[in-house]
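# Okay, here's the prediction I keep looking at, along with the sequence it came from:
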Amino acid sequence: MSDDDFLRVADVSKWYGDEQVLEDVSFEMDRGDVTVLIGPSGSGKSTMLRCVNRLAEAQEGSILLDGEEVLSPDLDVDDLRREVGMVFQGFNLFAHLSARGNVALGPRRVLGLSDADAGERAEEQLDRVGLADQLDSYPAELSGGQKQRVGIARALAMEPKLMLFDEPTSALDPELIGEVLEVMHGLVDEGMTMLVVTHEMSFAREVADEVVFLDEGRVVERGPPDQLFERPDEERTGRFLERIA
Ligand code: ADP
Ligand code: MG
């Protein structure tokens, strides 16, 4: 159990129809923590992330974010999504909007900023991810790594208190992965609280406070990266790590 439990996931279970995809998943994060979720394809990693911002509905358990019950039927889901940024594997940018337009959209539509203020905020955030020179570029003109950095800037523009990353580098050519990880490293240095699904084990090793290994919807094992990677308690963890090494 951690000190301030900024995010406290407790016994979360979820079914799609008859199929149970999460079973009593529990973990906690302090403010400023980086937690990396790993596990085989289909183990429930994306579903777990999506339950945190209510893109998926967990049927059982509790998710407390900063003391508020995310799973409460009374929760304002729009408020929640304002506070929890998400970065997707597939970028999900609007093709008809420039980088600036993509990043300004949330601040304008959701936060109610004026066009000028939203544009200014977009420029700041694009600068933060190293894209100050691509403000007017459209997604089709950007590399995969640049598109993903726009995706990160878009999430940051809402000034979230928690960032969720779902395999942010999995769709990228190997030579473009580094620039995205570099931006993520920068956020870690700034103290951002981050829950990250990734197969980039070197990233996990360097920045994770805790690694959570999910298999078949269950937490098999969790712990600090050096322990989990070097001396896993569970045979299943070892076998998974060998497969992806
Ligand atoms: P991971 O991200 O670890 O690959 P997912 O969370 O995407 O795993 O999926 C976990 C399980 O839930 C899989 O069996 C998947 O087929 C199922 N699943 C995910 N999303 C849906 C959905 N929208 N409807 C039905 N089943 C789903
Ligand atoms: Mg997934």
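On my side now, so go ahead. Ligands and ions are numbered 1, 2, ... in the order given.
# From here on, just use CA atoms for contacts and neighbour counts.
Fine.
# Name the residues of this protein found near ligand 1, please.
Within the chain, the positions near ligand 1 by Cα under 6 Å from any ligand atom are 16, 21, 40-47.
# which of these count as buried?
21, 40, 43-47 (16 or more other Cα atoms under 10 Å).
# Save these as JSON lines, and put in secondary structure and pLDDT too.
JSON lines is the format used below for these (DSSP: H, G, I helix; E, B strand; the rest coil; pLDDT from 0 to 100):
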{"residue": "21", "secondary structure": "strand", "pLDDT": "98"}
{"residue": "40", "secondary structure": "coil", "pLDDT": "96"}
{"residue": "43", "secondary structure": "coil", "pLDDT": "98"}
{"residue": "44", "secondary structure": "coil", "pLDDT": "98"}
{"residue": "45", "secondary structure": "helix", "pLDDT": "98"}
{"residue": "46", "secondary structure": "helix", "pLDDT": "98"}
{"residue": "47", "secondary structure": "helix", "pLDDT": "98"}
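# How many residues are close by residue 171?
Counted with other Cα atoms under 10 Å, the neighbours of residue 171 add up to 16.
# That one belongs to a strand?
No - counting by DSSP: H, G, I helix; E, B strand; the rest coil, residue 171 is not part of a strand but coil.
# looking just at contacts, which helices and strands does the helix of greatest length in the chain meet?
Looking across the chain with DSSP state H, the single longest helix is helix 174-189. Applying 3 or more Cα pairs under 8 Å, 6 or more residues apart in numbering; DSSP states H and E, we find helix 174-189 packed against helix 144-156, helix 201-207.
# what's the model's confidence in that helix, averaged?
Mean pLDDT, computed over helix 174-189, is 96.
# How much space separates the residue of the chain positioned farthest from its centre from ligand 1?
Using Cα atoms, centre = their mean, the residue of the chain lying farthest from its centre is residue 116. It sits 28.5 Å away. To ligand 1, residue 116 is 38 Å away according to Cα to the nearest ligand atom, to the nearest Å.
# Same question for residue 142.
Distance from residue 142 to ligand 1, by Cα to the nearest ligand atom: 26 Å.
# Show me the shaky parts of the protein.
1-3 (pLDDT under 70).
# Quick one: the helices in it, in order.
Using DSSP H, helices in the chain cover 45-52, 77-83, 99-109, 115-128, 144-156, 174-189, 201-207, 225-230, 235-244.
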